[in-house]
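1. predicted model, plus sequence, below.
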Amino acid sequence: MFSSITWLFKQPRSIKRIISVVLDIVFITSAFWGAYILRLENLELLSSAKHWGMLAAILPVTILCFIRLGLYRAVLRYLSHQAITTVLISIAVSVAAMVISAHYLHAFLPRSVPVLYAAFVLILCGGARLSVRALYNQSTKRQKIPVIIYGAGSSGRQLNTSLLHGNEYRAVAFVDDNSVFVNSVLQGLTVYSPSELAWLTERFGAQKILLAVPSLTRQRRREIIESLALLPLEVLTIPGMADIVSGMAKVSELQEVSIDDLLGRDPVEPYTDLIAANITNKVVMVTGAGGSIGSELCRQILQQRPTILVLFEMSEFALYQIDQELSGICNTTALNVRVIPLMGSVQRQNRLEAAMHAYSVQTVYHAAACKHVPLVEYNVVEGVRNNVFGTWRAAEAAINTGVETFVLISTDKAVRPSNVMGTSKRLAELVLQGLAQRQSSTRFCMVRFGNVLGSSGSVVPLFKKQIKAGGPITLTHKDITRYFMTIPEAAQLVIQAGALGQGGDVFVLDMGEPVRIIDLATKMVRLMGYDVKSLAIPAGDIEIKVTGLRPGEKLYEELLIGGDEQPTLHPRIRTAHEVSLPWDQMAAYLARLNIACEVYDQAEIRALLLEAPVAFSPQAGICDLLWVENN
């Protein structure tokens with residue numbers, strides 16, 4: 001039976017329509033004679049020419065009505081209540097044709113025959129179609145992956161409807177923590193409590209959980225996702241409510257659970273005055289505009305409608321990508337913002353000054369940096385030149401061209417650094433603090449925060465890649481912890497912190513609680529439907545392999561050098577008062593560091609980094625690859 005139904009649905013539309021018409025003719029004929037036979041309980045009328053004439057009149061009228069009302073255009077596997085409405089209207093017309101033809105042909109027509117005829121046509125023509133649809137759905141059910149939908153609200157029901165029309169998944173149950181829904185039946189599926197998930201998984205053989213709760217707060221989504229991580233099921237989710245309402249996504253577009261949901265917090269609405277203060281109707285430059293933070297800063301700056309947005313980037317490919325993206329946004333949303341893509345290194349002050357002078361830049365967000373800890377350890381001179389001297393050159397160019405505000409994107413690795421990258425970023429902070437004391441025309445401030453999810457240096461995309469490859473996940477230490485923040489939240493807070501600066505300020509973003517990386521890796525494995533291989537589960541799918549700390553890597557990161565921090569107008573931005581150097585001392589130090597870099601004196605560079613008031617505490621010797629090779 002199932003093979004016949006499958007064969008039928010594989011035929012061309014024209015063949016299926018011909019079969020439908022032939023079957024409807026048979027059904028209408030059977031209904032006509034069946035009504036008379038049931039009423040009169042004999043077969044004498046089968047030889048009546050008048051009644052054959054009635055049938056000859058009824059058939060074309062009914063079939064034509066089916067055609068005109070679109071019954072043969074309907075796809076049986078997606079048949080809805082509208083098809084039954086079409087059949088009912090056609091039956092009414094057919095009964096009218098029966099009565100009229102009987103009148104003109106003077107044929108015998110008992111009053112109960114039209115009623116019986118209508119009932120038979122409805123059962124045969126309508127019921128046959130519903131039966132075919134049910135048989136097709138039953139045949140395809142075996143091929144679909146059984147899933148549980150978490151959320152019995154409107155989004156969950158829409159998702160179930162989409163799954164019925166799809167070929168990949170079939171819902172076996174709803175789960176909802178709202179007691180109003182529990183134990184009710186929606187769209188043929190029973191709604192269960194989340195406490196029954198383990199039992200449901202075993203009973204129905206479910207392989208995935210589809211999270212259909214787009215309107216919940218991020219905190220609540222996080223709680224739900226963490227509870228689901230304990231089950232041996234892959235968790236997929238529908239897009240957020242904002243994307244669904246805006247039309248950017250559909251309920252049926254399933255995606256992997258975002259780590260933003262697993263680790264993120266409910267965002268604080270941006271303070272309008274703060275986020276617009278340094279941007280709206282101003283000329284803004286972003287250095288490192290093609291990087292993870294730089295590109296997100298550009299996206300959010302664009303929404304605040306600067307007159308000009310200057311993209312300053314050393315990588316041609318990264319610059320091309322962000323320029324194309326932002327230009328596309330301007331074109332589709334009619335934003336009257338001029339986007340200027342400029343290629344250049346932040347170590348070239350003349351290039352920076354030319355750009356700032358040409359466009360009369362008023363605000364600079366300095367995101368350009370070498371930020372990968374091991375790579376900077378292996379390339380010390382380039383890391384120091386880019387992070388320290390690049391920041392200095394950019395700041396001097398800002399002063400010389402009358403830039404109003406200069407915001408440095410710093411890092412938590414600048415606090416009591418154990419690596420060259422963190423040390424160089426702390427030195428960059430000291431440069432700006434010294435320049436803030438030297439002059440007052442340009443406001444300098446620094447914004448310090450930890451890891452951002454999804455950035456080029458984040459462990460999240462690396463872990464995803466390793467899990468999809470079958471493992472192992474490489475972890476440097478089982479006790480390592482990090483602070484995490486989403487890229488959009490970090491960029492938004494950076495913009496607002498920049499508006500709070502008075503000169504030389506160090507702002508610290510509220511990163512929430514630190515996260516153990518091994519816990520993050522374990523949750524990612526489970527949410528993707530796998531088990532972690534361990535002594536307790538030797539048959540697990542993905543192994544977590546500890547490789548040892550890399551050069552310069554710390555177990556724990558901090559955001560404050562001292563305990564002296566004060567609140568600001570924004571609940572997630574705090575200001576820190578930390579050690580700084582007068583500019584004359586800073587300038588003398590930079591001159592010595594520059595000479596050491598020029599002659600590639602790694603020992604002197606290490607000594608100068610240790611001498612600076614940054615609390616540098618290296619965990620290893622000099623790791624610069626060229627220096628190691630030559631020594």
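-> That came in fine, so what should we check first? Predicted model only: the values in this text are computed from it and were never measured.

2. and the next helix or strand past the host helix or strand of residue 393?
-> In the assignment (DSSP states H and E), residue 393 maps to helix 390-400. Sequence-wise, the next helix or strand downstream of helix 390-400 (DSSP H and E) is strand 405-409.

3. show me what the helix or strand containing residue 100 is packed against.
-> According to DSSP H and E, residue 100 maps onto helix 81-105. If contacts are counted by 3 or more Cβ pairs under 8 Å, 6 or more residues apart in numbering; DSSP states H and E, helix 81-105 sits against helix 49-68, helix 112-121, helix 127-141. Using the backbone N, CA and C atoms, a C-beta is placed for each residue, glycine as well.

4. who wins for proximity to residue 157 among those?
-> Relative to residue 157, the nearest member of the helices and strands packed on helix 81-105 by Cβ to Cβ is helix 127-141, separated by 17.3 Å.

5. got the buried residues for the following helix or strand past that closest one?
-> Beyond helix 127-141 on the C-terminal side, the first helix or strand identified by DSSP H and E is strand 145-150. Going by neighbour count (16 or more other Cβ atoms under 10 Å), the buried part of strand 145-150 is 146, 147, 148, 149, 150.

6. distance of the second one from residue 230?
-> Read it as residue 147. Between residue 147 and residue 230 the computed distance is 18 Å (Cβ to Cβ, to the nearest Å).

7. cool, the first one as well?
-> For residue 146, the distance to residue 230 under the criterion Cβ to Cβ works out to 19 Å.

8. with the last one instead?
-> If you measure residue 150 against residue 230 using Cβ to Cβ, the figure is 14 Å.

9. quick one: contacts of stretch 43-50?
-> 33, 36, 37, 51, 105, 106, 107, 108 (Cβ atoms under 8 Å, 6 or more residues apart in numbering).

10. the fifth one and residue 54 touch, don't they?
-> Going back to what we said before, that points to residue 105. Yes: in terms of Cβ atoms under 8 Å, residue 105 counts as a neighbour of residue 54; the distance is 6.1 Å.

11. higher neighbour count, these two?
-> Per other Cβ atoms under 10 Å, whichever of residue 105 and residue 54 has more neighbours is residue 54, with 25 against 18.

12. for this structure, longest helix please?
-> Secondary structure of the chain per DSSP state H: the longest helix is helix 13-40.

13. buried residues, it. List them.
-> Within helix 13-40, the residues that count as buried by 16+ other Cβ under 10 Å are 16, 20, 24, 27, 28, 31, 32, 33, 34, 35, 36, 39.

14. wait, the third one sits on residue 65?
-> This points to residue 24. No: checked against Cβ under 8 Å, the pair residue 24 and residue 65 is beyond contact range at 10.6 Å.

15. still on that earlier bit, could I get the buried residues of strand 145-150 as JSON lines with pLDDT and distance to residue 565?
-> JSON lines is the format used below for the buried residues of strand 145-150 (pLDDT from 0 to 100; distance: Cβ to Cβ, whole Å):
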{"residue": "146", "pLDDT": "86", "distance to residue 565": "52"}
{"residue": "147", "pLDDT": "87", "distance to residue 565": "47"}
{"residue": "148", "pLDDT": "88", "distance to residue 565": "46"}
{"residue": "149", "pLDDT": "88", "distance to residue 565": "45"}
{"residue": "150", "pLDDT": "88", "distance to residue 565": "40"}
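
16. can you list these in a markdown table and add distance to residue 234?
-> Output for those, formatted as a markdown table (distance: Cβ to Cβ, whole Å):
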| residue | distance to residue 234 |
| --- | --- |
| 146 | 12 |
| 147 | 9 |
| 148 | 11 |
| 149 | 14 |
| 150 | 13 |
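
17. closest to residue 169 among these?
-> Lowest distance from residue 169 to the buried residues of strand 145-150 (Cβ to Cβ) belongs to residue 147, with 4.7 Å.

18. re the thing from before, list the buried ones in the helix holding residue 393?
-> The neighbour-count check on helix 390-400 (16+ other Cβ under 10 Å) flags 390, 391, 392, 393, 394, 395, 396, 397, 398, 399 as buried.

19. same check, this time on stretch 437-447
-> Under 16+ other Cβ under 10 Å, the buried positions of stretch 437-447 are 437, 442, 443, 444, 445, 446, 447.

20. so which of the residues you listed is the closest to residue 354?
-> Nearest to residue 354 among the buried residues of stretch 437-447, counting by Cβ to Cβ, is residue 442 at 17.4 Å.

21. please report phi then psi for the closest one.
-> phi -110, psi 130 (degrees, to the nearest 10).

22. that one against residue 400, yeah?
-> No: in this structure residue 442 lies outside contact range of residue 400 using Cβ under 8 Å: 9.4 Å.

23. which pLDDT does the model give residue 475?
-> In this model, residue 475 is scored at 84, pLDDT.
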